[in-house]
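In: Quick one, what's the 3D model for this:
(one chain, ligands or ions: 1)
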Amino acid sequence: MGREFDALFDEWSHSYDQTVSGKDSEYGEVFFQYDKILDAVAGRAEGFVIEFGPGTGNLTGKLLQRGLSVIGIEPSANMRKIAQHKHPSVKITDGDFLNFTVPKKVDTIVSTYAFHHLTDAEKRYAISLYRGFLNPGGKIVFADTVFKSEEAKREMIQEAKNRGFSRLAKDLESEYYTTVPVLASIFKDNHFEVSFDPLNRFVWLIDAKLKGVHDNG
Ligand SMILES: C[S@@+](CC[C@H](N)C(=O)[O-])C[C@H]1O[C@@H](n2cnc3c(N)ncnc32)[C@H](O)[C@@H]1O
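Out: Numbering: from 1, shown residues only. Okay, the predicted model is just below:
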């Protein structure tokens, strides 16, 4: 599992950059301040970076501007093609959050608008896996749609329906959007110190640092 959205993203790839620039009103609030959200993630990355689900390569560009070395893991062939065309110097390979190869351990794992494609059980497995790929003191920095609680999620879905945003409502109901408490427990159980900061009404910045063997807690 985890690759069930490939066809959707192959199709969306051609208009994706228009969506994130606010051209699709249903998704206006989801992508509100998209550029700043990518900057927030890139600004916390350091060293050698893996990026999961780079899509059309917009975060990849921000990481490169900061002089970081990055490899991208992207399951959609059409998305890979666009990102690779934008950033010919970057290695962007076929793979996903759970199945990937990297040449050496990394300092930061980043991803924007993508981790919700894993079920909560898969998210837990992914985070447990990443511990083995991070250098000591390594970080995971994600930005993604997350809800404060299940009740907040239900309210947002209802709001989308009330506004006639049927595609957004269907998306929120059918993908695996989770809550802050669920993610907090996944990171804590895997020995990360994690913080959550809201970036717009949907998206949170998730900054998780691997604790050292001598750290308490
Ligand atoms: C909404 S786009 C986000 C693209 C880009 N990160 C951005 O912020 O604009 C989601 C991306 O995640 C990718 N994706 C979907 N399922 C994935 C998985 N299981 N593992 C890694 N990436 C996945 C999609 O192919 C797509 O490129």
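
In: Tell me how far the residue nearest to H117 when sequence neighbours are not counted lies from E155.
Out: Distances taken as C-beta to C-beta, 6 or more residues apart in numbering place F5 nearest to H117, at 5.3 Å, with adjacent residues excluded. Placement of C-beta: from N, CA and C, glycine included. Separation of F5 from E155 (C-beta to C-beta, to the nearest Å) stands at 25 Å.

In: quick one: contacts for the residue nearest to H117?
Out: By C-beta atoms under 8 Å, 6 or more residues apart in numbering, the contact set of F5 is P75, S76, H117, E175.

In: next one: S21
Out: If a contact means C-beta under 8 Å, 6+ apart, then S21 has F31, Y34 as its contacts.

In: what's the answer for L98, then?
Out: L98 neighbours (C-beta under 8 Å, 6+ apart): G2, L118, E122, Y125, A126, L129.

In: Now do the SS call for it.
Out: Assigned by DSSP: H, G, I helix; E, B strand; the rest coil, the conformation of L98 is coil.

In: residues from this protein in reach of the ligand?
Out: Residues of the chain lying close to the ligand (C-beta under 6 Å from any ligand atom) are 2-3, 5, 9, 20, 52-55, 58-59, 74-76, 79, 96-97, 112-114, 117-118.

In: Next step: those restricted to helices.
Out: Using DSSP state H, the subset of the residues of the chain next to the ligand located in helices is F9, N58, L59, M79.

In: What is the worst-scoring helix or strand of the chain on mean pLDDT packed up against?
Out: Lowest by mean pLDDT, DSSP states H and E among the helices and strands of the chain is helix 6-12, with a mean of 93. Judged by 3 or more C-beta pairs under 8 Å, 6 or more residues apart in numbering; DSSP states H and E, helix 6-12 is in contact with helix 77-86.

In: can you give me the strands for this structure?
Out: 48-52, 69-73, 91-93, 106-112, 134-145, 192-198, 203-210 (DSSP state E).

In: Pipe these into a markdown table and attach mean neighbour count, distance to Y34 and mean pLDDT per row.
Out: Formatted as a markdown table, the strands of the chain follow (neighbours: other C-beta atoms under 10 Å; distance: least, C-beta to C-beta, whole Å; pLDDT from 0 to 100):
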| stretch | mean neighbour count | distance to Y34 | mean pLDDT |
| --- | --- | --- | --- |
| strand 48-52 | 23 | 16 | 98 |
| strand 69-73 | 22 | 18 | 98 |
| strand 91-93 | 16 | 20 | 97 |
| strand 106-112 | 24 | 9 | 98 |
| strand 134-145 | 20 | 10 | 97 |
| strand 192-198 | 15 | 15 | 98 |
| strand 203-210 | 22 | 9 | 98 |
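
In: Save the ones you listed as TSV, and put in distance to V41 too.
Out: What follows is the strands of the chain, written out as TSV (distance: least, C-beta to C-beta, whole Å):
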stretch	distance to V41
strand 48-52	9
strand 69-73	12
strand 91-93	17
strand 106-112	5
strand 134-145	5
strand 192-198	11
strand 203-210	7
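
In: Out of these, which gets nearest to A40?
Out: Nearest of these to A40, taken as C-beta to C-beta: strand 203-210 at 5.4 Å.
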